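**Q** Sequence and predicted structure are below.
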Amino acid sequence: MSPSLDMTPMVDLAFLLVTFFMLTATPTEDTAVVVDTPSSVSDKQLPDKGVLQISIDKEGRVFFSSDSQPVKIAALEKVGAKYGQSFSAKEKKQFALLPDFGLPAQQLKSYLNLPAEQRKAVKQPGIPVDSLNNQLAEWVMAARAENIRTFNSAPYIAIKGDGTADVPTVKNVIKILQEKNLNRFYLVTDLETKPVASN
């Protein structure tokens, strides 16, 4: 008689793990922009939670994101109201699931009502950052205020610029933050190996 190994407990464990990950995973869409960050030797880590991120792609388009769904929804309501936009519960939920966005507030409603495949095909023009239509500042301030109200702490702000992004756009984003007295922010980079000193 040959020895046998009962695999039933192992199969049960595998199914429990699969079920756990399926139930706890949050479905998200692909990011609207891919940013190839420059490298640096700084090894300071961006916090895991409470981050408002501003991304700038190589074309100079500006995108915004928050890691908190309630913060995103509250910011959508506040900025939308300023531009005469109201959103249904379904649109708010859809917006909360977006990893980032780069559209003027006036275009968000029509964008959120597109099917997922069509949303992926839309080339977003970026959030307006010029002096006459500075929607980025409104998004940052609305999300910051909600983060403070909800979590009793100011969020971290991170700027993630493409390594080939034009410098004037990055400077303009920094200027917008400084005009709102937001002088502490992270610049997101890839970690480069530190040079080794030779004797």
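**A** Received the coordinates, thanks. Numbers count the residues shown, from 1 in each chain.

**Q** Now name the helix or strand holding the residue nearest the centre of the chain.
**A** Centroid-nearest residue in the chain: residue 65, 2.9 Å away (criterion: C-alpha atoms, centre = their mean). Here residue 65, judged by DSSP states H and E, is contained in strand 62-66.

**Q** Could you measure from residue 9 over to residue 15?
**A** Distance from residue 9 to residue 15, counting by C-beta to C-beta, to the nearest Å: 11 Å. Bear in mind the C-beta positions are built from the backbone N, C-alpha and C, glycine included.

**Q** Oh, that last question was meant for residue 134, not what I typed.
**A** 52 Å.

**Q** Please apply the same query to residue 45.
**A** Residue 45 sits 35 Å away from residue 15, taking C-beta to C-beta as the criterion.

**Q** cool, and residue 169?
**A** 50 Å.

**Q** Between the two, tell me which one has more neighbours.
**A** residue 169 (19 against 10; other C-beta atoms under 10 Å).

**Q** list the contacts for the nearest residue to the more buried one once chain neighbours are set aside?
**A** Excluding the flanking residues, the one nearest residue 169 by C-beta to C-beta, 6 or more residues apart in numbering is residue 60, at 4.2 Å. By C-beta atoms under 8 Å, 6 or more residues apart in numbering, the contact set of residue 60 is 126, 165, 166, 169.

**Q** Before I go, just wanted to say thanks for your time.
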